[in-house]
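Chemist: missing the sequence, but the structure's below:
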């Protein structure tokens, strides 16, 4: 298809770019070998990830350098020596810092490249895997062995997924990982064939490229059973215990599903290179919709996205639940950060009646007599007593009251900042105006172009 | 108790009143006997009801004259001859009209008394009962035989129940009938003893003055089982198939229960002679409460209260249900009539957002693709598709729309009039101002004095 060629011209790295990537990675590998030699360690430096697999997009190339230790090395030692070695390599690059995942590793910068230097075990099979990152070695090997020249098909799929905002396996994205993308191409042969078979993909649901369901049925079926709620179950070719698509959400799979159908029907460059959604006047939109926007604004805590974003989500959902209980309807939620962190709630109204119905116990009995005694007005419907109670009226008062009484489920690192949040009604600071518009217009979620 | 004496002085008929009642009833009886003689019928005129039992309150004395036919007379004949005889008697009184219950009867007026002239069978036991009114003869006989001079205790209880608005077994009251009042006094011996034992009454629940549970266990237990949801089961001393309290609602029993407790603790003349609830400014009240009043006003159909009021209730509840489904909160309901019939709804608001969330199907599949195609904006939460839909905003539009689409459950004789009802928001005509205040202030239901 002419269109796909055009896309490839823009996303496939040029010969110059490839030469640069190769040169820099070789340099880094050499530095690593030298440092290993200096320390006289039995460690193998290994390139993994999209550079190693040659599936990276033009301009998008982080170097993943793994330091593979023999299996006999105790974990404590691997961590300690791995970090020291990483630092020694980092020192010879332009700059570096320590980052934390399952164990600490070094993030360096060199000649325009981000370089992750990660210690791991030099595993040969899934049975040897000890830490979460070990599997990366096996993934890289497996993909290199099976991709069979379809690297550009992977690139098309990656770019397509990025264009429809469904790429990345981070907890705050829950889309398609790079490895999953590669496996889907290996399974379906090409980008277009995958898209044309998306209905089949969704209904078939299980992909088992290495035949684990036959070779290791007990383990593989356990994986299938455990992952029953996932939209896809792609049994990892290098490890039958794992579903490669386990972090893929129904939302992101759904976006891919509908967009694939649309693309097959009516292909367009816009799927790969979407034009930025046009923002408008959020205040006019609020007026038109007749809804209200409540924004909580608070200092962004020093947390990585993997931690911060899920906690913001949890907090936003906490507000939704608590406000519903208080008689407000919450139509939609949004969260994120610019300079400050924010939670946005689209609600039906910002005031509610001062007096609400207060159901009491059924009579006869002590509890009923107690309710009868304690309330000024009491009446009966069926067997139940009722009274009225006065409640706070404005949503700001209600939110502050809920926060004071700890009646909102909040992300644990956000409790204090949210308690002191500014609460804005139908107004946001200039830096959030576009965000507010995209949220209220549903353009933020709208999957129709 | 001094207080009870004081009450009795006001509610017990004086000697002059008794003499008048006796004279008039004897006159009527004599007229009836003459007319029976003229027609040469084998019919016995019988006085029943509170005059016959001497449990009537001062100034409150309708004459219940029953015309008791032999059991052999076929029902058709009883109806025909009974009505003719009634008319003949009615003609000799001041005025009369035909009224309808299970069968037609004559309502006459004579010397300041309402006189019901009702044909029935001259039954001697429950096994002979053929029409609903036959039992009245047995009731009167049983009470006269067992009341044993406690007539004034019955008067106190009747007046107490009237004062707390719990007297009368009509479907739109569902309170204590006169007969039930008499049985409760026969069971508990005195007004005060009944009130002091109201907890026991409620928990004991079953009263069986004639020992039917032993004498006719099969029939009596069936009655108990059938009436399990009633607050009281008083097996009719003259008919084990019947619960005398079957029309008593939990609401009215509850009012009696709490008021009895209050009276025992702190007696007062106000229980018997309540001061009229003071009305106030319903508009100021609406403002204070922050709620809204929706009133539907329509011509009162020509229906008796027994039919009209339950249908108004059903219609009011229909609006409650439908408006809740449309996103309005309905706090309370009221209905009734003055010149026109009305339904009042106290609601949280009279406008709602123009745009509401529209949940679609789950994907995959045809229905999801269809929803995706048909809606302008679509997004996914979990496996489900969502869109927005525009809805009518003002509650008047919503109500009119619901009525047009037949989406409100209405009383069957009210459908047409309600469809053409005036809908008033936060405003009522002058004749309903007091009603609106009592409704909104809950003084209409408030059982606390």
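Modeler: Okay, I see it. Values in this document were obtained by computation on a predicted structure and should not be read as measured data.
Chemist: OK, contacts around whichever residue of the stretch 251-400 of chain A sits closest to chain B?
Modeler: Ranked by Cβ to the nearest Cβ, the top residue of the stretch 251-400 of chain A for proximity to chain B is residue A:379, at 3.5 Å. C-beta here means a position set from N, CA and C on the backbone, and glycine is covered the same way. Residue A:379 makes contact with A:385-387, B:442, B:445-447, according to Cβ atoms under 8 Å, 6 or more residues apart in numbering or on different chains.
Chemist: got these as CSV, with distance to residue B:322 columns?
Modeler: Formatted as CSV, these follow (distance: Cβ to Cβ, whole Å):
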residue, distance to residue B:322
A:385, 27
A:386, 22
A:387, 26
B:442, 24
B:445, 23
B:446, 27
B:447, 29
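Chemist: quick revisit: not counting sequence-adjacent ones, nearest residue to the residue of the stretch 251-400 of chain A closest to chain B?
Modeler: Using Cβ to Cβ, 6 or more residues apart in numbering or on different chains and skipping residues adjacent in sequence, the residue nearest residue A:379 is residue B:445, 3.5 Å away.
Chemist: Now the residue of the stretch 251-400 of chain A closest to chain B: phi and psi?
Modeler: Dihedral pair for residue A:379: phi -140, psi 170, per degrees, to the nearest 10.
Chemist: picking that back up, what pLDDT does the residue nearest to residue A:379 get?
Modeler: On pLDDT, residue B:445 comes in at 75.
Chemist: which residues in the stretch 1-150 of chain A form helices?
Modeler: A:2-11, A:15-38, A:49-53, A:75-92, A:135-146 (DSSP state H, counting those that start in this stretch).
Chemist: I'd like to know which of those lies nearest to residue A:350.
Modeler: helix A:2-11 (46.5 Å; Cβ to Cβ).
Chemist: which other helices and strands contact the closest one?
Modeler: Packing contacts for helix A:2-11, counted by 3 or more Cβ pairs under 8 Å, 6 or more residues apart in numbering or on different chains; DSSP states H and E, involve helix A:151-163.
Chemist: Report how many residues lie close to the closest residue to chain B within the stretch 1-150 of chain A.
Modeler: Of all residues in the stretch 1-150 of chain A, residue A:3 sits closest to chain B, at 22.6 Å by Cβ to the nearest Cβ. Under the neighbour criterion other Cβ atoms under 10 Å in any protein chain shown, residue A:3 is assigned a count of 13.
Chemist: which SS class is the nearest residue to it once chain neighbours are set aside?
Modeler: Spatial nearest neighbour of residue A:3, excluding adjacent residues (Cβ to Cβ, 6+ apart): residue A:267 at 5.3 Å. On the three-state scheme (DSSP: H, G, I helix; E, B strand; the rest coil), residue A:267 is labelled coil.
Chemist: and residue A:267, how far is that from residue A:196?
Modeler: 11 Å (Cβ to Cβ, to the nearest Å).
Chemist: Write out the residues of the stretch 51-200 of chain A neighbouring chain B.
Modeler: Counting by Cβ under 8 Å from any Cβ of the partner chain, the stretch 51-200 of chain A comes close to chain B at residue A:199.
Chemist: low-scoring stretches of the stretch 51-200 of chain A, by residue?
Modeler: Of all residues in the stretch 51-200 of chain A, none has pLDDT under 70.
Chemist: to the chain's geometric centre, what's the distance from the helix or strand hosting residue A:193?
Modeler: Here residue A:193 sits within helix A:191-196, counting by DSSP states H and E. Relative to its chain's centre, helix A:191-196 lies at 24 Å (Cα atoms, centre = their mean, to the nearest Å).
Chemist: same deal with stretch A:354-368?
Modeler: Per Cα atoms, centre = their mean, the centroid offset for stretch A:354-368 relative to its chain is 46 Å.
Chemist: so how far is the first residue of that stretch from its last?
Modeler: Between the start and the finish of stretch A:354-368 there is a gap of 25 Å, counting by Cα to Cα, to the nearest Å.
Chemist: who touches residue A:162 in this structure?
Modeler: residue A:272.
Chemist: separation between it and residue A:11?
Modeler: Taking Cβ to Cβ, one finds residue A:162 at 9 Å from residue A:11.
Chemist: okay, and the common contacts of those two?
Modeler: residue A:272.
Chemist: Next, the contact list for residue A:97, please.
Modeler: A:106-108.
Chemist: what bridges to it?
Modeler: Beta-bridge partners recorded for residue A:97 (DSSP bridges): residue A:107.
Chemist: and the helices of the stretch 1-150 of chain A as a markdown table, adding distance to residue A:247?
Modeler: Putting the helices of the stretch 1-150 of chain A into a markdown table (distance: least, Cβ to Cβ, whole Å) gives the following:
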| stretch | distance to residue A:247 |
| --- | --- |
| helix A:2-11 | 24 |
| helix A:15-38 | 28 |
| helix A:49-53 | 17 |
| helix A:75-92 | 25 |
| helix A:135-146 | 14 |
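Chemist: Deepest in the core, which of these is it.
Modeler: Compared across these, helix A:49-53 shows the largest average neighbour count, a mean of 22 (mean count of other Cβ atoms under 10 Å in any protein chain shown).
Chemist: Show residues contacting that one.
Modeler: So helix A:49-53 is contacted by A:21, A:25, A:46, A:56, A:60-64, A:136, A:140, A:143-144, A:147, A:151, A:178, A:182 (Cβ under 8 Å, 6+ apart).
Chemist: and if you look at stretch A:150-158?
Modeler: A:4, A:7-8, A:11-12, A:53-55, A:57, A:147, A:167, A:178, A:181-182, A:184-186, A:189-191, A:194, A:272.
Chemist: for residue A:170, what are its contacts?
Modeler: Residue A:170 sits next to A:305-306 when contact means Cβ under 8 Å, 6+ apart.
Chemist: ok, residue A:261 - how many residues close by?
Modeler: By other Cβ under 10 Å, 17 other residues sit near residue A:261.
Chemist: Show the pLDDT at residue A:449.
Modeler: 62.
Chemist: follow-up on the earlier one: out of the contacts of residue A:379, which is most surrounded?
Modeler: residue A:385 (25 neighbours).
Chemist: that's a strand at that residue, yeah?
Modeler: Yes: counting by three-state DSSP, residue A:385 falls inside a strand.
Chemist: What sits closest to it if chain neighbours are left out?
Modeler: Nearest one to residue A:385, counting by Cβ to Cβ, 6+ apart, is residue A:360 at 3.7 Å.
Chemist: Would you agree the one you found is in contact with residue A:377?
Modeler: No: using Cβ atoms under 8 Å, residue A:360 makes no contact with residue A:377, being 11.3 Å away.
Chemist: So between those two, which is more surrounded?
Modeler: The residue with more neighbours, out of residue A:360 and residue A:377 and counting by other Cβ under 10 Å, is residue A:360; that gives 19 against 15.
Chemist: Next, the more buried one: secondary structure please.
Modeler: What three-state DSSP gives for residue A:360 is strand.
Chemist: tell me the contacts of it?
Modeler: Contacts for residue A:360 (Cβ under 8 Å, 6+ apart) come out as A:368, A:371, A:375, A:378, A:384-387.
Chemist: Now for these: which two are most distant?
Modeler: A:375 and A:384 (13.1 Å).
Chemist: burial measure for residue A:220, as a count.
Modeler: 22.
Chemist: Could you pull up the residues touching it?
Modeler: Contacts of residue A:220 (Cβ under 8 Å, 6+ apart): A:208, A:212-213, A:235, A:240.
Chemist: pretty sure it is in a helix, no?
Modeler: Yes: according to three-state DSSP, residue A:220 belongs to a helix.
Chemist: contacting residues around the residue nearest to it when sequence neighbours are not counted?
Modeler: Nearest residue to residue A:220, sequence neighbours excluded (Cβ to Cβ, 6+ apart): residue A:212, at 4.0 Å. By Cβ under 8 Å, 6+ apart, the contact list for residue A:212 reads A:219-220, A:235, A:240.
Chemist: Parallel or antiparallel, which strands does the helix or strand hosting residue A:388 pair with?
Modeler: Assigned by DSSP H and E, residue A:388 falls within strand A:384-390. Paired neighbours of strand A:384-390 in the sheet (DSSP bridges): strand A:355-362 (antiparallel), strand A:379-381 (antiparallel).
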